[in-house]
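J.: Sequence first, predicted model second:
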Amino acid sequence: MNTQTRDLFTLRPPATAPFVAPLLAAYTPIAADTRLKTDLYPEPYYGDFNQCSIVLLTHNPGDSDNYSKGRGSAFETQIYSVPVDPETNYFAMASAPNFPNNRTNGWVNRWGTEIQNHFNGIQAFTKKAFIRDLIPYHSNRFGKIDMTLCSAYLYQYFFNQVIVASFNSELYQRINQKGKTPATIIYARGSAWSNGNGIGSIGWDRIGRIYSYCYVYKANFDKILKEQHIDKDIYPKSTLDHNVYIVVITPIRTGARYGIYSEFRNQSSLIDLFTVIFNYDNIPPNNPLYIPHNPEMDIFFDLIR
């Protein structure tokens, strides 16, 4: 995990590390406020990947400014503090009980609260979430990304780190106490994961949906290993023995609460996971809250319940 962080901070803005070039090339701004601010320092993750509640994937760190994350900022001072070891210094910030930047700290804590609310009645967490950004650079809003153009980067620098962190999560520990097929479940927020050039285009099968726009994906390792050049040594040895899921939750509006909505663009239709599971088990097909069943989704719900 930290190797990428070290390389990411080798050069100071506006220079960017060479290894992220394919990722940046795959990103397209769709408006002025979606341009990536590569003149600011990147933020690849928040939380402790060695111990966390769950793993949450997001688009990018959101907006920031030169005062908070630019050259000469307190962020820069802490990253390059003596002894100069950016990977250790960033991890110390990202995994601290309170992130040094107040705005970022509030954002991280809000997600922790929302995640616990989502899992109420299912699991009580004692640790914070590990939040991993798809693109580590800031922007006010997110544009669009074609993952087929950066799939090699994603399998070399992203998915391996995400899976490692998920194996260290409280959610992983609970679902694997059941003695069934080993599995890990990762959550993702935002439409980039499920659009036409999202994870479904690089080897992840969409196995079902929860209402109209919350999708469950499962890694198809046969397809991934056939189409991608994967260095298996950078993944946990047991990865291929696991069912690896990503649950994509698309917000109904900018800044929408974390969770599952049963009705599109209806902010009052937020449903927690306990209710979702109840509906899956009990709601018939003629009801608007019905969730389509299939063998793969039966396995998924059996794991997460």
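T.: Everything's here; your move.
J.: Return the set of buried residues in the top helix by length along the chain.
T.: If you go by DSSP state H, the chain has its longest helix at helix 102-119. By 16 or more other Cβ atoms under 10 Å, the buried positions in helix 102-119 come out as 104, 107-108, 111-112, 114-116, 118-119. Yep, even glycine has a C-beta here, placed from its N, CA and C like the rest.
J.: and what of stretch 11-18?
T.: In stretch 11-18, counting by 16+ other Cβ under 10 Å, buried: 13, 16-17.
J.: How far off centre is it?
T.: Put simply, stretch 11-18 sits 24 Å off its chain's centre (Cα atoms, centre = their mean, to the nearest Å).
J.: Next, the residues that contact it from outside, please.
T.: Applying Cβ atoms under 8 Å, 6 or more residues apart in numbering, the set of residues contacting stretch 11-18 from outside is 7-10, 24, 38-41, 70-71, 76, 137.
J.: Please pick the buried ones from these.
T.: Buried among the contacts of stretch 11-18 by 16+ other Cβ under 10 Å: 7-9, 24, 38, 40-41, 70, 76, 137.
J.: and the residues you listed as TSV, adding distance to A183 and secondary structure?
T.: Compiled in TSV, the buried ones among the contacts of stretch 11-18 are given as follows (distance: Cβ to Cβ, whole Å; DSSP: H, G, I helix; E, B strand; the rest coil):
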residue	distance to A183	secondary structure
D7	31	helix
L8	30	helix
F9	34	coil
L24	33	helix
T38	37	coil
L40	37	coil
Y41	36	coil
G70	42	coil
E76	40	helix
Y137	32	coil
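J.: Let's have those residues in CSV, adding distance to E170.
T.: Output for the buried ones among the contacts of stretch 11-18, formatted as CSV (distance: Cβ to Cβ, whole Å):
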residue, distance to E170
D7, 29
L8, 27
F9, 29
L24, 33
T38, 35
L40, 32
Y41, 30
G70, 36
E76, 33
Y137, 30
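J.: re earlier: which of the buried residues of helix 102-119 sits closest to Y235?
T.: I115 (25.0 Å; Cβ to Cβ).
J.: I54 is in contact with that closest one, correct?
T.: Yes. Judged on Cβ atoms under 8 Å, I115 makes contact with I54 at a distance of 6.2 Å.
J.: can you tell me the average pLDDT over stretch 76-86?
T.: For stretch 76-86, the mean per-residue pLDDT is 89.
J.: Just the buried residues of it, please?
T.: Judged by neighbour count (16+ other Cβ under 10 Å), stretch 76-86 contains these buried residues: 76, 79, 85-86.
J.: Looking at those, which one is closest to I271?
T.: I79 (40.3 Å).
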